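Engineer: What follows is a predicted protein model with its sequence.
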Amino acid sequence: MTMGRSQRRAVVWTLLRIVFTTTALTVVYFVMPLDARITAATDALLALGLLFTVGVLVFQTQAVVRAARPLLRAAEALSTSFTLFVLVFAVTYYLLNKNGTDVFTQPITRLDSLYFVVTVFGTVGFGDIAARSETARAIVTIQILGDILFVGVAVRAVVEAVRRGLGGQKGDRDRSGPGRA
């Protein structure tokens, strides 16, 4: 089965939006001022960041159901939600490191923090950076549980939204009768 011109155009635009969104969010991570010390307010910011990510995922999942091309919209939803999820933890680890040198096995930069989040998410854990303090280990544990939830629940929710979106389109075609678009 070959793709028509409008389908190819939709795929290209979707990929461009994914690249743009991911790049923009990552640039914001690297340029935003992160000079705060970890306090109860920063803990609240981690929780708010995770809640915001869940909110974005819920909003995006609802958009998948209504989308003309649910599969493409699902790709955007997952990439945006994943990027936010990773960056929330990258900010947290970076700020933890600024609080003391005993938090990780080595001092980490923003890039190191992002690298650490991705290695934990990928469960590869190269061992070059490891959580040393109890606080860092607790947050890594929260991230690991979040990773499992993200892969299990978020992906399942988006897949279900695609199914519903495609089912709704099929129902629209069935109601339009033969020969109608």
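Structural biologist: Received it, and whenever you're ready, just let me know what you need.

Engineer: ok, residue 98 touching residue 91?
Structural biologist: No. Distance between residue 98 and residue 91: 10.8 Å, which falls outside the contact criterion (Cβ atoms under 8 Å). All C-beta spots, glycine's among them, are computed from the backbone N, C-alpha and C.

Engineer: residues shared between the contacts of those two?
Structural biologist: Common contacts of residue 98 and residue 91, defined by Cβ atoms under 8 Å, 6 or more residues apart in numbering, comprise residue 34.

Engineer: Quote the end-to-end distance of stretch 98-118.
Structural biologist: Distance between the boundary residues of stretch 98-118 (Cα to Cα, to the nearest Å) amounts to 20 Å.

Engineer: Would you mark the buried spots in it?
Structural biologist: By neighbour count, and taking 16 or more other Cβ atoms under 10 Å as the criterion, the buried residues in stretch 98-118 are 98-99, 103-104, 108, 110, 112-117.

Engineer: Would you check which pair of these lies furthest apart?
Structural biologist: Considering Cβ to Cβ, no two members of the buried residues of stretch 98-118 lie farther apart than 99 and 115, which are separated by 19.3 Å.

Engineer: Spatially nearest residue to the residue nearest to the spatial centre of the chain (excluding sequence neighbours)?
Structural biologist: Against the mean C-alpha coordinate of the chain, by Cα atoms, centre = their mean, the closest residue is residue 82 at 1.3 Å. The spatially closest residue to residue 82, leaving aside those adjacent along the chain, is residue 150, at 7.1 Å (Cβ to Cβ, 6 or more residues apart in numbering).
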